[in-house]
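Participant: need a structure here:
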Amino acid sequence: MRNKVSFVVLTGSRTKQVCTSRTLLQWLAGASLIALGLVSFLLYDYVQLKHSASALRLRETEMGGLLAGQQAEIDQQRRQISEFAEEVNQLKERLLGLNAFEKKIRIMADLERRQDTGALFGVGGPVPRTLDPKAALGDERKSLVREMRSQVDQLNLAAVTQANGFQALVGHLEKQQTLIASTPTIRPIDPDAEQLVTSRFENRISPFTGMKEFHHAIDISTREGTPIYATASGVVTFAGVKGLLGRTIIIDHGHGLTTTYGHCSKLLKQAGERVSRWDTVALVGNTGSSTGPHVHYEVALHGVPVNPEKYFLN
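Facilitator: Numbers count the residues shown, from 1 in each chain. This is a model prediction of the structure:
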């Protein structure tokens, strides 16, 4: 009986006795412990596996976000490269346009291009090819970047060449402007005023001696007191009485050009004053050796009298 174990089972008002061996109970207890340990291990492993899965999903989410960010950055870089390629093309077109404009101005100013400047992109150098901005989105991106760097260097050199060309052109035009402003291109008397050229730049019979002489000016007869205009910009070098010319004013216009206005009734400028074209410098008179109111108008180039009428534009 020592190997037997009895259990009393109560079912309502009846009792029932069950006998079993100790060995079986020991086996059942061991099996239960083993099953409990196995279940505990499986639960632990499940918890660990679930935790690992959660961490993996989190890692995947983070990697997905990182990859998405990198892809967005790559797309942005591609767009920037594409936009930069388009800007390079536009800059090249503007430089070519400016170069064509400079050539046109030089032709209008009758000024040949300097021989030392060569072509815009170098002597014999071709115009850089037009870049394809769409290549920034494809496999040609690296090649496009290299080409852009090369073209940017060429455009920088071309910009310096173009700037030098414009600087030389502006300098020439400034000299031309000064020369034009200093050239006696208008009549000393208003064209709308009553007037008559009584003597020209030619041989004539002197009204005083009756002998043949060369007249180095033109005489314009008009009413006394008519304004006499400076025919170009310059500086008054003489204002006073000058022998047979009576009251006279002389203007130095630079570039070797001077003008003389004689027989004036009144001088309105003094020596040293700067005048501009159309400034009234004196009034028509009859001073000095004169047969009537008129202005003796003389133009000299480096001290040599020249025909004033060749300069008139009005």
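Participant: all the strands of the stretch 51-200 of the chain, residue numbers only.
Facilitator: For the stretch 51-200 of the chain, applying DSSP state E, counting those that start in this stretch gives strands covering 195-199.
Participant: which residues in it form helices?
Facilitator: 141-181 (DSSP state H, counting those that start in this stretch).
Participant: shaky segments in it?
Facilitator: Across the stretch 51-200 of the chain, residues meeting the criterion (pLDDT under 70) sit at 64-75, 77-78, 80, 82, 106-144.
Participant: phi, psi of residue 255?
Facilitator: Listed backbone geometry of residue 255 is phi 60, psi 20, with angles given as degrees, to the nearest 10.
Participant: could you do the one 4 residues further on as well?
Facilitator: Backbone torsions for residue 259, taken as degrees, to the nearest 10, come to phi -130, psi 150.
Participant: buried ones in stretch 248-266?
Facilitator: Neighbour counts over stretch 248-266 (16 or more other Cβ atoms under 10 Å) mark 248-251, 253, 257-265 as buried. For glycine as for every other residue, the C-beta is placed from the backbone atoms N, C-alpha and C.
Participant: typo on my end, it should be stretch 306-314
Facilitator: Going through stretch 306-314 with 16+ other Cβ under 10 Å, the ones that come out buried are 306, 308, 311.
Participant: looking at the residues you listed, which are in strands?
Facilitator: residue 306 (DSSP state E).
Participant: what's the domain layout of this structure?
Facilitator: Dividing the chain into domains by automatic domain parsing, as the record does, gives the ranges 4-75, 80-181, 195-310.
Participant: packed most tightly, which of these would that be?
Facilitator: With neighbours taken as mean count of other Cβ atoms under 10 Å, the domains of the chain reach their highest mean count in domain 195-310, at a mean of 17.
Participant: tell me what whatever helix or strand residue 296 lives in is packed against?
Facilitator: In this structure, residue 296 is located in strand 294-301 according to DSSP states H and E. Counting contacts by 3 or more Cβ pairs under 8 Å, 6 or more residues apart in numbering; DSSP states H and E, the secondary-structure elements packed against strand 294-301 are strand 218-222, strand 257-267, strand 304-306.
Participant: can you add pLDDT and give the buried residues of stretch 306-314 back as CSV?
Facilitator: Listed next are the buried residues of stretch 306-314 as CSV, based on pLDDT from 0 to 100:
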residue, pLDDT
306, 92
308, 91
311, 84
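Participant: what residues are up against the closest residue to residue 243 other than its chain neighbours?
Facilitator: Of all residues beyond its chain neighbours, the one nearest residue 243 is residue 288 (7.1 Å), with distances taken as Cβ to Cβ, 6 or more residues apart in numbering. When contacts are counted by Cβ atoms under 8 Å, 6 or more residues apart in numbering, residue 288 is found next to 241, 242, 243, 244, 245, 246, 247, 248, 262, 263.
Participant: am I right that residue 288 sits in a helix?
Facilitator: No - counting by DSSP: H, G, I helix; E, B strand; the rest coil, residue 288 is located in no helix; its state is coil.
Participant: phi, psi of it?
Facilitator: Residue torsions, per degrees, to the nearest 10, at residue 288 are phi 70, psi -160.
Participant: look at it and report its pLDDT.
Facilitator: The score at residue 288 is 91. That number is its pLDDT.
Participant: gap between it and residue 224?
Facilitator: Residue 288 sits 14 Å away from residue 224 when distances are taken as Cβ to Cβ, to the nearest Å.
Participant: try residue 214
Facilitator: Residue 214 is 27 Å from residue 224, by Cβ to Cβ.
Participant: return stretch 251-260 as PDB; C-alpha atoms alone will do.
Facilitator: Coordinates of each C-alpha in stretch 251-260 appear next as PDB, following Å, rounded to 0.1, in the frame of the first residue of the first chain:
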ATOM      1  CA  ILE A 251      37.000 130.800 -78.600                       C
ATOM      2  CA  ASP A 252      39.300 127.800 -78.300                       C
ATOM      3  CA  HIS A 253      37.400 124.600 -78.800                       C
ATOM      4  CA  GLY A 254      40.300 122.200 -78.300                       C
ATOM      5  CA  HIS A 255      41.600 119.700 -80.800                       C
ATOM      6  CA  GLY A 256      43.300 122.600 -82.600                       C
ATOM      7  CA  LEU A 257      40.100 124.300 -83.500                       C
ATOM      8  CA  THR A 258      39.400 128.100 -82.800                       C
ATOM      9  CA  THR A 259      36.600 130.400 -84.000                       C
ATOM     10  CA  THR A 260      36.800 134.200 -84.300                       C
END
